[in-house]
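1. got a predicted structure plus its sequence, pasted below:
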Amino acid sequence: MSEPRTDLPPSVDPHPESGGSQAPAATVWLAINGERRSFPAPLTCASLVDALALGGRRIALERNGEIVPRSRLADTLLADGDSVEIVVAVGGG
């Protein structure tokens, strides 16, 4: 058996297969650019962008290795454990 992870918040069981306590169903845990964060469920990609104060900015959002087109942000639900990468476009010359 592996060593318990110490980098997780106390409400997350590092070994869910052991039948231990889980985060409440009303919470979605995501890895955002490698950082674990929680948000109230249900959560769409668009509501995540708003929660991160990135609305109106030129971004690219990738969910579990797949780019989510801007036209699909509002109807793409995020699930507990999803990995999200967000890149903000920077202008300049």
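-> The structure has been received and is ready for your questions.

2. would you map the helices across this structure?
-> Here the chain has its helices, by DSSP state H, at 45-51.

3. and the residue nearest to the spatial centre of the chain, bridged to which residues?
-> By C-alpha atoms, centre = their mean, the chain has its centre lying nearest to residue 30, at 2.9 Å. Counting by DSSP bridges, residue 30 is bridged to residue 37.

4. residues contacting it?
-> Residues near residue 30 by C-beta atoms under 8 Å, 6 or more residues apart in numbering: 36, 37, 38, 39, 43, 48, 78, 80, 81, 82, 83, 84. From N, CA and C alone the C-beta is placed, and that goes for glycine too.

5. so residue 58 is in contact with residue 87, correct?
-> No - in this structure residue 58 lies outside contact range of residue 87 using C-beta atoms under 8 Å: 9.4 Å.

6. what residues sit buried inside stretch 81-93?
-> Neighbour-count burial for stretch 81-93 flags 82, 84, 86 (criterion: 16 or more other C-beta atoms under 10 Å).

7. ok, for residue 40, nearest residue in space, not its chain neighbours?
-> Nearest non-adjacent residue to residue 40, counting by C-beta to C-beta, 6 or more residues apart in numbering: residue 26, 6.3 Å away.

8. ignore what I typed, I meant residue 75.
-> Excluding its sequence neighbours, the residue lying closest to residue 75 (C-beta to C-beta, 6+ apart) is residue 44, at 6.8 Å.
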